[in-house]
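Engineer: Here is my input, please return the structure:
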Amino acid sequence: MSDSDEITRWLSARALPLTSLTAGEPYEDLRPLREVLKGVRVVGLGESTHGTREFFLLKHRLLEFLVRETGFRALAMEASESAALAVDAYVAGGAGDAGRLVSRLDFWTWRTREILAMVEWMREHNRTVPAAERVRFVGIDPQRCADSAAAVGTFLEQAAPATAESVRESLRVLAVSRPGARPDPARRLYEEAGELAGFLEEHRARLAARTSPEAADDAIRHARILVRCADLITLPLEPDPGEESLYAVRDRHMAEAVDALVDGTGERVAVWAHNGHIAKGTYGAGVPALGSLLHARHGEAYYALGLLFGKGRFRARRGIGTTGPAVPHRIGGDGRSVESRLAAAVPGDYLVDLRGGEAQAAPAVREWLRGPGLQRSFGANVPRFTYRFHLAPLVPAQEYDGLAFVAKSTCSRPLA
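Structural biologist: Below is the predicted model of the structure:
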């Protein structure tokens, strides 16, 4: 038997075929995951593109299963930590228009009908279960903090007008600036945000007496978000392999947010982010990924599930660094990637667990799992003409604990 046949046979034997990608369908095909995820506290749900409808559908379905069948109680999403607070309040039963709240997460990638449907499901689930079984929606990305700047400004207008006037310009800058927008070796904006948070914490009792304890605590929470946001704004945008680069700091903040959620609630958490973030290694110029930090903290209690697709279409912005609309991109089979191997091994959509089956596998399988390979990886932007040829390095069992393969990708559907 050839090496290729050995790998195909191993994948076929371990594959869990998916009977549906649609949320609300019976879970019989997913029930083996109960054993796979035994002892796991944090599951990373990845995606090789930010614009594949099937990824969003499958992750919604997986979230339903994790919540209803295995006791997960939070979705930590690669979305604005600041704006996600309103979505969390909505899924807990609060007022608001779900479409507007999803759009205000301020990432075009999540401004889709698929994400809206998931948020509406979370709200309905929470409406029908006891408080202990409710699920939270938590943003873990500190960038884009307009809501927090507005909340702190409003609180200070009521509780400390003189301070409100002195920080007005800093809050305006924080509300509109993006990561890397104001690189500053002196880190003045970051220092100012820290001083503001310190002021609110130090004078909490006095400020709460002028408003309410709840209002003071909420302002402190928003102020801490502003500190993390300012951290990214004042770092240079240029890629740097160092652990203090903007990209490394961003992933570190996201990992700390997940850890705080796990430690603060004791609950199991699903993390929704790009494959590059949930993987257990590095990306770009050697940036330690969110998943590598979670793995270092939680060990085998962190499970990284990468999502890959065979061929089809996905949405992304055309051109690196552009801010225009996301448009469809098409890609077919390439014959060199892990995706091509997965497509040839098992027809249709399926999951495969990469843990536990390696020791008894044939040498060719172990070499494939632990040897260098290639995968597709597309972010919010892709090169105009060469994206079809882009393949990123991958060691399958080193980066991921499991893979979900979708045979055909179609474009996510933007909200009107």
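
Engineer: now residue 14: how far from residue 353?
Structural biologist: 6 Å (C-beta to C-beta, to the nearest Å). The C-beta positions use only the backbone N, C-alpha and C, and glycine is treated the same way.

Engineer: same for the helix or strand harbouring residue 170, what does it pack against?
Structural biologist: Element membership of residue 170 [criterion: DSSP states H and E] is helix 168-176. Other elements packing on helix 168-176 under the criterion 3 or more C-beta pairs under 8 Å, 6 or more residues apart in numbering; DSSP states H and E are helix 146-159, helix 188-202, helix 213-233.

Engineer: Can you pull out the residues in contact with it?
Structural biologist: For helix 168-176, contacts defined as C-beta atoms under 8 Å, 6 or more residues apart in numbering pick out 145-146, 148-150, 152-153, 182, 189, 192-193, 196, 226, 229-230, 233.

Engineer: ok, 10 Å please
Structural biologist: Residues outside helix 168-176 that contact it (C-beta atoms under 10 Å, 6 or more residues apart in numbering) are 82, 144-153, 156-157, 164, 167, 181-182, 188-189, 192-193, 195-196, 225-227, 229-230, 233.

Engineer: Filter these down to the buried ones and hand me the ChimeraX line.
Structural biologist: Only the buried entries of the contacts of helix 168-176 go into this ChimeraX selection, using 16 or more other C-beta atoms under 10 Å:
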select :82,144,145,146,147,148,149,151,152,153,156,164,167,182,189,192,193,196,225,226,227,229,230,233
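
Engineer: picking that back up, I'd like to know which of the helices and strands packed on helix 168-176 is closest to residue 357.
Structural biologist: Evaluated with C-beta to C-beta, these place helix 213-233 nearest to residue 357, the distance being 39.7 Å.

Engineer: Tell me where the chain has strands.
Structural biologist: With strands called from DSSP state E, the chain shows them at 15-17, 42-45, 72-80, 136-141, 268-272, 282-283, 287-288, 302-318, 326-331, 350-353, 373-375, 381-382, 392-394, 402-409.

Engineer: closest one to residue 247 among those strands?
Structural biologist: In terms of C-beta to C-beta, the element of the strands of the chain nearest to residue 247 is strand 287-288, at 4.6 Å.

Engineer: tell me which strands and helices that closest one is in contact with?
Structural biologist: Helices and strands touching strand 287-288, by 3 or more C-beta pairs under 10 Å, 6 or more residues apart in numbering; DSSP states H and E, are helix 246-265.

Engineer: what's the model's confidence in the helix it packs on, averaged?
Structural biologist: The average pLDDT within helix 246-265 is 94.

Engineer: quick one: buried residues of it?
Structural biologist: 246-259, 261-262.

Engineer: and what of stretch 354-361?
Structural biologist: Quick answer for stretch 354-361 (16+ other C-beta under 10 Å): 354, 361.

Engineer: Stretch 64-81 now?
Structural biologist: Neighbour counts over stretch 64-81 (16+ other C-beta under 10 Å) mark 64-67, 70, 72-81 as buried.

Engineer: quick one on the thing from earlier: need the strands of the chain in JSON lines (columns: mean pLDDT).
Structural biologist: Shown next, in JSON lines, are those (pLDDT from 0 to 100):
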{"stretch": "strand 15-17", "mean pLDDT": "97"}
{"stretch": "strand 42-45", "mean pLDDT": "98"}
{"stretch": "strand 72-80", "mean pLDDT": "97"}
{"stretch": "strand 136-141", "mean pLDDT": "97"}
{"stretch": "strand 268-272", "mean pLDDT": "98"}
{"stretch": "strand 282-283", "mean pLDDT": "88"}
{"stretch": "strand 287-288", "mean pLDDT": "90"}
{"stretch": "strand 302-318", "mean pLDDT": "97"}
{"stretch": "strand 326-331", "mean pLDDT": "96"}
{"stretch": "strand 350-353", "mean pLDDT": "98"}
{"stretch": "strand 373-375", "mean pLDDT": "96"}
{"stretch": "strand 381-382", "mean pLDDT": "95"}
{"stretch": "strand 392-394", "mean pLDDT": "94"}
{"stretch": "strand 402-409", "mean pLDDT": "98"}
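
Engineer: between these, which one is nearest to residue 2?
Structural biologist: Going by C-beta to C-beta, the one of these nearest residue 2 is strand 373-375, 17.3 Å.
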